[in-house]
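Novice: Fold the stuff below for me.
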Amino acid sequence: MHKDELLQLHEQMVTIMENYSEISGVDATLFDPYYQLDVTPADVHKSKSEHKHAVFVLGNALANAMSEDEFSNAGRIGKRMQELAEDAESKL
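Specialist: This is a model prediction of the structure:
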């Protein structure tokens, strides 16, 4: 995936997070790990690896927000996103 495509994905996932948070009233602290990264889609100067890590952390948070438990489809996706985020973080 090219960096510009990754930035678009990152932006779309942030939009999903914002809309889902408004609609469902989900606990906002679920997204704290993403916010702590301080990498937004507007940070085009940040590396592709940083955005990739942010996308996986955000994906994990979104899946956890939507999951009923760790064995639901969203729960399993959340677990995989966590693994991918850890792998991406090790490459920063």
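
Novice: Spatially central residue in this structure, please.
Specialist: Closest residue to the average C-alpha location of the chain: L58 at 1.2 Å, with CA atoms, centre = their mean.

Novice: Skip the chain neighbours and tell me the closest residue to that residue.
Specialist: Y34 (4.6 Å; CB to CB, 6 or more residues apart in numbering). The C-beta positions use only the backbone N, C-alpha and C, and glycine is treated the same way.

Novice: same thing with N60?
Specialist: That would be M81: by CB to CB, 6+ apart, it lies 3.7 Å from N60.

Novice: same thing with V44?
Specialist: L7 (6.5 Å).

Novice: my read: that neighbour touches A54, true?
Specialist: No: using CB atoms under 8 Å, L7 makes no contact with A54, being 10.3 Å away.

Novice: Name the residue in those two with the higher neighbour count.
Specialist: Counted by other CB atoms under 10 Å, L7 and A54 do not tie: A54 has more neighbours, with 25 against 19.

Novice: Contacts only, for the more buried one.
Specialist: The neighbours of A54, taking CB atoms under 8 Å, 6 or more residues apart in numbering as the test, are 10, 34, 37, 39.

Novice: The helix or strand bottoming out on mean pLDDT in the chain: which residues count as buried?
Specialist: Counting by mean pLDDT, DSSP states H and E, the weakest-scoring helix or strand in the chain turns out to be helix 73-90, with a mean of 88. Going by neighbour count (16 or more other CB atoms under 10 Å), the buried part of helix 73-90 is 74-75, 77-79, 81-82, 84-85, 88.
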